[in-house]
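1. with the input below, show me the fold.
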Amino acid sequence: MAEDNAGFDFGAGDWPLDLQDPWAAKIEPPVWLLDGYIAEGYQTSLIGVAQSGKSSVALEWGLRLAEQGVKTAFLLSESSSGWLERFKAMADPEVHTADMIKIHTAPLGLVGDRDMLQRTKEQLLVEGVKLLVVDTLGKTKADAFDENNNTDVEAFCTELESFTAAGITTVLIAHTGHSAPKRMRGGSSWHPSLQCVWHAEPRGGGAFDLDPVRFKDFSPDVRTMVFEQETGMANSRGEELWGRGQDREHIAKASGSEDRARLDSLDRIVADNVRQATLRGASISLQEVQTIIKDAVGTEHMVAQDSSRKTLAELTVKMSPQAVGMRMKKLGYVNYEDADRKTWYRHASAT
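-> Now for the predicted structure:
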């Protein structure tokens, strides 16, 4: 300890503390790898129950980064065939090329094996990979690694810091299972050791919520978001966060021509009814649009008669303020609030 302080001359008033004015101190914003979602230099995890959309979100992140020229590698230990189906349905072969998206599908005991982690990092650096997605954490661990042992967990997270120091950001996909609903399965050290944690939760009808539950040093600009294949990603205010012009083609490939026809039919019904309603007045309320969607989803040709459960799930998603906001934006409408904080929409040409 004395050697550590050898540079200080305490007798000459060389004080060890740099005491600063907190009002004058600057808060350094994070450097985003993917704006609002993945910060450089931070270990990120994406957690949730099975079938909650974790892999779909991570894939969307990778596609977005590829469009920005950032190379991503996916370590796939669960259902690589299912992942490949989603990838081929969502990706554009001219943009998301083999130069930008890489996958590893063979078994790999990575988590908890220091030598394997070091070799993996060296290969990723040679390949020029900037984002590593481990899907899933529980299926990519070495035999000796115990996810319930806090010593093992802390040692692994410390090893991950060498990835971030080398310029490789990591995203760990993991299942929940802790007594707390939004905590990663395993030892209690996972939660404080991972710096950024997103939680995915299914909400029915092919959609799910995405919540930021832990962000060390900063807070993201968004809170709860809703992802729906039909409309994309929106924040809690119904503002579209991302989407590609080819989304409808991607849905058709993934869901088949029958679902494609249903989506097109719903769009047409909603658009026609909204136009008719706004001919009688400059604006239409959120509640009026929700009623139009409810009637459209409930029509016999939209959903089979024996699928009332699916109808209810679809209705819950499509009537959410987030989904309504995105649909109205696609139709050319902008939203505003009145004095009572009631949401209204008017066509952009009327503003």
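2. ok, now which ones touch residue 167?
-> Neighbouring residues of residue 167 by C-beta atoms under 8 Å, 6 or more residues apart in numbering: 40, 125, 130. Placement of C-beta: from N, CA and C, glycine included.
3. show me what contacts the second one?
-> Right, residue 125. Contacts for residue 125 were tallied using C-beta under 8 Å, 6+ apart; they are 166-168.
4. could I get these as a markdown table with distance to residue 117, pLDDT and secondary structure?
-> Shown next, in a markdown table, are these (distance: C-beta to C-beta, whole Å; pLDDT from 0 to 100; DSSP: H, G, I helix; E, B strand; the rest coil):
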| residue | distance to residue 117 | pLDDT | secondary structure |
| --- | --- | --- | --- |
| 166 | 11 | 92 | coil |
| 167 | 16 | 92 | coil |
| 168 | 11 | 94 | coil |
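5. quick one: which of the contacts of residue 167 sit in helices?
-> Among the contacts of residue 167, the ones falling in helices (DSSP state H) are residue 125.
6. since we're on residue 66, how many residues are nearby?
-> 20 (other C-beta atoms under 10 Å).
7. point out where the stretch 151-300 of the chain drops to low pLDDT.
-> Regions of the stretch 151-300 of the chain meeting the criterion pLDDT under 70 cover residues 178-180, 203-208, 219-267, 279-281, 297-300.
8. one more pass at 80, please.
-> For the stretch 151-300 of the chain, the stretches with pLDDT under 80 are 177-181, 202-210, 217-273, 275-282, 293-300.
9. those strands in it, which residues are they?
-> Applying DSSP state E, counting those that start in this stretch to the stretch 151-300 of the chain gives strands spanning 169-175, 196-204, 207-215, 225-228, 232-234, 240-242, 283-285.
10. what is the distance between the last one and the centre of its chain?
-> Going back to what we said before, that points to strand 283-285. Centre-to-centre, strand 283-285 and its host chain are 31 Å apart (C-alpha atoms, centre = their mean, to the nearest Å).
11. partners of it in the sheet?
-> Paired strands of strand 283-285, with direction, are strand 343-347 (antiparallel) (DSSP bridges).
12. show me what the strand it pairs with is in contact with.
-> The contact list for strand 343-347, computed with C-beta under 8 Å, 6+ apart, reads 238, 278, 282-286, 289, 321, 328, 332-338.
13. avg pLDDT for it?
-> Over the span of strand 343-347, the pLDDT mean works out to 85.
14. now do the nearest residue to residue 338 once chain neighbours are set aside against residue 337, distance only.
-> Distances taken as C-beta to C-beta, 6 or more residues apart in numbering place residue 344 nearest to residue 338, at 6.3 Å, with adjacent residues excluded. Taking C-beta to C-beta, to the nearest Å as the measure, residue 344 falls 7 Å from residue 337.
15. which one of those two is surrounded by more residues?
-> Comparing residue 344 with residue 337 by other C-beta under 10 Å, the one with more neighbours is residue 344, at 18 against 10.
16. before I go, just wanted to say thanks for your time.
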